[in-house]
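Visitor: Build me a structure from this.
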Amino acid sequence: MMKRRVLGFAACAVVLAMAGTADAQTYGNTDPFESQGSHGANFVLGVEVVIPTNDFQLESFGLMYGVEGSTPSTSNAIFGLYSSGANGLPESLIAVTNGINLSAQQTYDNIAFTTTPTVQSGTYWMMALYESQSNPRVTFLTPNSVVAFWSHSYGAGMPGTGSAGTYTGQNFNYWVNGVPAPAPLAILGLMGGLVAVRRRR
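Guide: Okay, here's the model as predicted:
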């Protein structure tokens with residue numbers, strides 16, 4: 001009887017592990033662009049990203065800063081992901097990072113969001129707020145790419161709602177990382193296994 005109980009719990013653990021484990025996924029602009037941008041201080045500014053996965057649990061933000069052979073400006077920065085409103089522009093802040101110091105030409109990946117909310121598939125906005133002049137990696141070769149922006153003090157933190165104007169012709173090496181949310185079947189599998197073991201006793 002003890003052996004059956006152990007096997008039952010082991011089977012449940014396998015189901016839980018298989019259903020609850022998912023590969024990390026990245027959405028955004030990870031292929032290096034050709035230029036170094038010049039981003040003014042105290043502006044929230046960013047670009048769209050399409051997340052094609054339902055029940056996607058946000059984990060972190062990433063960016064490329066400067067280009068090879070450059071010495072980009074040092075700046076503190078905050079990054080956030082916004083929902084897209086009925087007008088197609090940033091609406092509500094969904095996830096935000098703590099401040100990070102950018103001081104060298106490199107890729108800054110896995111900048112953790114302070115919370116890990118789950119979002120559905122759709123279009124979102126990857127937004128940055130810099131404390132001083134900064135140099136994120138950028139392309140000027142996408143004439144139809146829309147950039148949303150608005151003035152906002154870095155000291156006030158990333159705002160909860162957007163208030164954006166737009167211009168076109170730039171895109172930034174920004175992206176978001178996350179995983180599909182654990183499947184509810186994992187919990188059901190565990191509960192079913194426990195019931196089966198209990199009935200066999």
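Visitor: Which secondary structure state does Ala128 sit in?
Guide: Each residue gets one of three states, and Ala128 gets strand by DSSP: H, G, I helix; E, B strand; the rest coil.
Visitor: Also Trp150?
Guide: Going by three-state DSSP: Trp150 is strand.
Visitor: which residues touch it?
Guide: Contacts for Trp150 (CB atoms under 8 Å, 6 or more residues apart in numbering) come out as 43-44, 162-165. Every C-beta, even on glycine, is put in place using the N, C-alpha and C of the backbone.
Visitor: got the phi/psi numbers for the most centrally placed residue in the chain?
Guide: Closest to where the C-alpha atoms of the chain average out (CA atoms, centre = their mean) is Val176, at 2.9 Å. Here the main-chain torsion angles of Val176 (degrees, to the nearest 10) amount to phi -120, psi 150.
Visitor: picking up where we left off before, pull the most distant pair out of the contacts of Trp150.
Guide: Within the contacts of Trp150, Phe43 and Gly162 form the most distant pair, 12.4 Å apart (CB to CB).
Visitor: what about those two, which has more around it?
Guide: It is Gly162, of Phe43 and Gly162, that has more neighbours when counted by other CB atoms under 10 Å, with 24 against 17.
Visitor: Do you know the pLDDT at that one?
Guide: Each residue has a pLDDT score; the one for Gly162 is 97.
Visitor: quick one, domains of this structure?
Guide: 1-22+182-201, 23-181 (automatic domain parsing).
Visitor: what's the most buried one of those?
Guide: Counting by mean count of other CB atoms under 10 Å, domain 23-181 has the highest mean neighbour count of these, with a mean of 17.
Visitor: for the protein, what are the low-confidence residue spans?
Guide: Within the chain, the segments meeting pLDDT under 70 span 1-21, 183-201.
Visitor: How about the contacts made by Ala77?
Guide: Contacts of Ala77 were listed using CB under 8 Å, 6+ apart, and they are 99-102, 128-131, 134.
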